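K.L.:
generate a structure from the sequence data that follows.
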Amino acid sequence: MDSFIHREEDYALRIIIYLATVKKMVKTKEICASLYLSRPIVLKIVNKLKNSGYLITKTGKDGGLSVSEDVYNASIYDILIAMGFTSRVNQCLSTSVGCQLMCICKVNSLFSDIQNSVEERLKNAKIKEFLFTNNDQKLVNLNNRRRSE
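P.N.:
Numbering: from 1, shown residues only. This next block holds a predicted model:
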């Protein structure tokens, strides 16, 4: 079974949450090291998030990446949509699928209820609720030091 949330969408959430937690300009290299991601995938994700207005980039010696103020009240769903999220519980929930049984199908109704519930939970889950704690930060820093030794 394919994932409901794709790898890039998941990584985008982690990048946003990390940057929203540190609240400063961060180099791509630091994101890669802290989140154990490769540079090419981070750059691809950063480009999408920048284009959607969730990331601010600055070039030069003091440059890096940071989040826009809007990101704290953005939902998990908002970030997923910015990354191109289109997952459905079942293909029959896609508007492009034409099924003659749709109006009487109880399975479709169940899938629709599940889809709506999942989307509602993602929309109600705000980024600010998922920021790392100080203990999380210490653990990441400790792991990074161990990796570089």
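K.L.:
helices and strands of this structure: which one has the lowest mean pLDDT?
P.N.:
Across the helices and strands of the chain, mean confidence by mean pLDDT, DSSP states H and E is lowest for helix 134-148: a mean of 65.
K.L.:
any weak-confidence spans in the chain?
P.N.:
The model of the chain has pLDDT under 70 over residues 1, 92-99, 136-149.
K.L.:
ranges for the helices of it?
P.N.:
7-22, 28-35, 39-51, 76-82, 106-124, 134-148 (DSSP state H).
K.L.:
and the longest one, what does it pack against?
P.N.:
In terms of contacts (3 or more CB pairs under 8 Å, 6 or more residues apart in numbering; DSSP states H and E), helix 106-124 is packed against helix 76-82. (Glycine included, C-beta is placed from N, CA and C.)
K.L.:
alpha carbons of the helix it packs on, as CSV, please.
P.N.:
Extracted as CSV, the C-alpha positions of helix 76-82 are listed here (Å, rounded to 0.1, in the frame of the first residue of the first chain):
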residue,chain,number,x,y,z
ILE,A,76,-0.8,20.5,8.9
TYR,A,77,-3.3,20.4,6.0
ASP,A,78,-2.2,23.8,4.7
ILE,A,79,1.4,22.6,4.5
LEU,A,80,0.4,19.3,2.9
ILE,A,81,-1.6,21.2,0.3
ALA,A,82,1.3,23.5,-0.4
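K.L.:
mind listing what's buried along it?
P.N.:
By neighbour count with 16 or more other CB atoms under 10 Å, helix 76-82 contains the buried residues 76, 77, 78, 79, 80, 81, 82.
K.L.:
OK, contacts around the first one?
P.N.:
The neighbours of residue 76, taking CB atoms under 8 Å, 6 or more residues apart in numbering as the test, are 13, 122, 123, 125, 126, 127, 130.
K.L.:
can you pick the most crowded of those residues?
P.N.:
Among those, residue 127 has the most neighbours (other CB atoms under 10 Å), with 23 neighbours.
K.L.:
picking up where we left off before, so which of the helices of the chain gets nearest residue 62?
P.N.:
The minimum distance between residue 62 and those falls on helix 28-35, with 13.7 Å, by CB to CB.
K.L.:
and the closest one with helix 7-22, angle?
P.N.:
100 degrees (axes from the mean of the first three to the mean of the last three CA atoms, to 10 degrees).
K.L.:
tell me the buried residues in helix 28-35?
P.N.:
Neighbour-count burial for helix 28-35, counted by 16+ other CB under 10 Å, picks out 28, 30, 31, 32, 34.
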